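A.B. asks: predicted model follows, preceded by the sequence.
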Amino acid sequence: MKYIVLLGDGMSDEKVGELGGKTPLQAAKTPNMDFMAKRGRLGLARTVPDGLPPGSDVANLSVFGYDPASCYTGRSPLEAASMGVELGKDDVAFRVNLINLQPHAGKLYMRDYSAGHISTDDGRELIAALQENLDSDEFQFYPGVGYRHLMVWRKGKDKISATPPHDITGKEILEFLPHGEGAEQLINLMNSSQLVFFNHPQYKRRLEKGEMPANSIWLWGHGKSPKMATFADKFGLSGAVISAVDLIKGIGVYAGLDIINVPGATGYIDTNYKGKADAALQALQEHDYVYLHVEAPDEASHSGNLQDKVKAIEQFDSLVVGPVMEGIHQFGQYRILCAPDHPTPVSLMTHTSDPVPFILYGGEKKVNDGVAGYDEESAAATGLFVEEGFRLMNMMMAKA
């Protein structure tokens, strides 16, 4: 038996007036997901337990089959694992976003949580400048991908509240700055980064090219190293992870799964969808299980771009879901789990904790009467509801 998860990050949404009162999933052309929904098991699952933040870290842990309530410690330790950065038991990892702040009337506003989706090369150039100017025995910066990077506070404080920058686009930042024990040191680093970036040649270069410069860092998503059983120990399967983002790959590292890097996988709408599908089918030749993650719908939502979100969902369906459905027949018996991790409504430009629609499909031919297709409304109408989203993995393996 072969198992594959097809995860369209943030696909789920709310009804949108511009789409005639439909959600992006309802408005998008998704014949492959519709086909599976009409023949498989369609329902809703709660991937974000009460009391935990509706982040991709929590929600993806659930879809991987791990109970976030027992193993979640924060986003950045997972990203650190993907980047090969070792954490001591008292070290605290922080996500470093390269951002653009906009001054107005004596206040600073979050203009863009990604500094105009800064390139990896430009991002790493700025992290190198932070390493040169701000690194110490206590604080160390590490380069990641695009706007997503890492800082480790050796023997640091973790009783801190920090807001994700994509939650405050267009808002004045003062009330959202880190607070709690040690917050002053983090704010000092953020302020110091502004001077480093302003004096860096890249700042002027990006302005001259009409590109948005990164003019600050934003620290958030902190945590210490988690304790997790491997996927093999937990489910008795070998597996692999395919994603463009360090968070998902980091979960895979802690789960003991192989990490497959696909050329052209960007995390945006221009990602190499088909390359991911081809890599997944290839990985199933030697593994029992593959987790294929596509970030594009979520990024479109965070940018408030409805057109790109619908397009990303359609590309996910045609270039990922379709090829996987066609190619997986070679293995005989198989199970596909297709779902988002959490909703990311375009109108809010951030995540919510609402349940998400999922499909469990294993080649069934009988059509389920009354199922219109794959969307939030159709999933709710089936009456199938999984309160603890991490149990989807057991359902996929027919253990529950």
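C.D. replies: Noted; the coordinates are in hand.

A.B. asks: pretty sure D9 contacts S301?
C.D. replies: No. Using Cβ atoms under 8 Å as the test, D9 is too far from S301 to be in contact (9.0 Å). Using the backbone N, CA and C atoms, a C-beta is placed for each residue, glycine as well.

A.B. asks: what do these two both touch?
C.D. replies: Residues touching both D9 and S301 by Cβ atoms under 8 Å, 6 or more residues apart in numbering: T344.

A.B. asks: contacting residues for S161?
C.D. replies: Taking Cβ under 8 Å, 6+ apart as the contact definition, S161 lies against P178, H179, G180.

A.B. asks: what about it, distance to A183?
C.D. replies: Distance of S161 to A183, given as Cβ to Cβ, to the nearest Å: 8 Å.

A.B. asks: equivalent analysis for S243, please.
C.D. replies: In terms of Cβ to Cβ, S243 sits 31 Å off from A183.

A.B. asks: now the strands for the stretch 301-400 of the chain?
C.D. replies: Counting by DSSP state E, counting those that start in this stretch, the stretch 301-400 of the chain has these strands, from start to end: 334-339, 356-361, 385-386.

A.B. asks: so for M190, which of those strands sits nearest?
C.D. replies: Of all these, the one in closest proximity to M190, counting by Cβ to Cβ, is strand 356-361 (33.1 Å).

A.B. asks: who's in contact with R95?
C.D. replies: When contacts are counted by Cβ under 8 Å, 6+ apart, R95 touches R75, S76, E79, R148, H149, L150, L219, W220, G221, H222.

A.B. asks: closest one of these to N305?
C.D. replies: For the contacts of R95, the nearest to N305 is R148 (18.9 Å; Cβ to Cβ).

A.B. asks: distance check, that closest one against L25.
C.D. replies: 26 Å.

A.B. asks: show me which of those two is the more surrounded one.
C.D. replies: Neighbour comparison, R148 and L25: the larger count goes to L25, with 28 against 23 (by other Cβ atoms under 10 Å).

A.B. asks: mind checking the SS state of that one?
C.D. replies: Classification of L25 using DSSP: H, G, I helix; E, B strand; the rest coil returns helix.

A.B. asks: give me the low-pLDDT residue ranges for the chain?
C.D. replies: Within the chain, the stretches with pLDDT under 70 are 399-400.

A.B. asks: pull the longest strand from it.
C.D. replies: Ranked by number of residues, the top strand in the chain under DSSP state E is strand 92-104.

A.B. asks: so how far is G55 from the nearest residue to R95 once chain neighbours are set aside?
C.D. replies: Residue nearest to R95 in three dimensions, not counting chain neighbours: G221, with 3.7 Å by Cβ to Cβ, 6 or more residues apart in numbering. Applying Cβ to Cβ, the value for G221 to G55 is 8 Å.

A.B. asks: look at those two and report which has more neighbours.
C.D. replies: G221 (27 against 23).

A.B. asks: would you confirm that the more buried one belongs to a strand?
C.D. replies: Yes. Counting by three-state DSSP, G221 falls inside a strand.

A.B. asks: that one contacts D57, correct?
C.D. replies: Yes. G221 lies in contact with D57 (Cβ under 8 Å); the separation is 7.4 Å.

A.B. asks: joint contacts of these two?
C.D. replies: G74, R75.

A.B. asks: circling back: which among the strands of the stretch 301-400 of the chain is found nearest to I260?
C.D. replies: Of those, nearest to I260 by Cβ to Cβ is strand 334-339, at 17.9 Å.

A.B. asks: the inter-axis angle of the closest one versus strand 356-361?
C.D. replies: Going by axes from the mean of the first three to the mean of the last three Cα atoms, to 10 degrees, strand 334-339 is angled at 170 degrees with respect to strand 356-361.

A.B. asks: so which other helices or strands are in contact with strand 334-339?
C.D. replies: strand 2-8, helix 31-39, strand 356-361, helix 392-396 (3 or more Cβ pairs under 8 Å, 6 or more residues apart in numbering; DSSP states H and E).

A.B. asks: related to what we said a few turns ago, any chance of the contacts of R95 in JSON lines, plus distance to E286?
C.D. replies: Putting those into JSON lines (distance: Cβ to Cβ, whole Å) gives the following:
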{"residue": "R75", "distance to E286": "30"}
{"residue": "S76", "distance to E286": "31"}
{"residue": "E79", "distance to E286": "27"}
{"residue": "R148", "distance to E286": "30"}
{"residue": "H149", "distance to E286": "32"}
{"residue": "L150", "distance to E286": "31"}
{"residue": "L219", "distance to E286": "39"}
{"residue": "W220", "distance to E286": "37"}
{"residue": "G221", "distance to E286": "33"}
{"residue": "H222", "distance to E286": "36"}
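
A.B. asks: about what we covered before: so which of the helices and strands packed on strand 334-339 is nearest L98?
C.D. replies: Nearest to L98 among these is strand 2-8 (25.3 Å), distances taken as Cβ to Cβ.

A.B. asks: run the chain-centre distance for the closest one.
C.D. replies: 15 Å (Cα atoms, centre = their mean, to the nearest Å).

A.B. asks: do the same with stretch 113-127
C.D. replies: So, by Cα atoms, centre = their mean, the centroid of stretch 113-127 is 18 Å from its chain's centroid.

A.B. asks: ok, stretch 266-286 next?
C.D. replies: Taking Cα atoms, centre = their mean, one finds stretch 266-286 lying 16 Å from the centre of the chain it belongs to.

A.B. asks: so which bits of it are buried?
C.D. replies: Neighbour-count burial for stretch 266-286, counted by 16 or more other Cβ atoms under 10 Å, picks out 266-269, 271-281, 283-284.

A.B. asks: got it, and stretch 333-344?
C.D. replies: The neighbour-count check on stretch 333-344 (16+ other Cβ under 10 Å) flags Y334, R335, I336, L337, C338, A339, P340, D341, H342, P343, T344 as buried.

A.B. asks: now, among these, which is nearest to L360?
C.D. replies: Nearest to L360 out of those is L337 (Cβ to Cβ; 5.8 Å).

A.B. asks: contact partners of the helix or strand hosting E125?
C.D. replies: Using DSSP states H and E, E125 sits in helix 120-134. Outside helix 120-134, the residues within contact range by Cβ under 8 Å, 6+ apart are 96, 98, 140-149, 189, 192-193, 196-197, 200, 202, 206, 214, 217.
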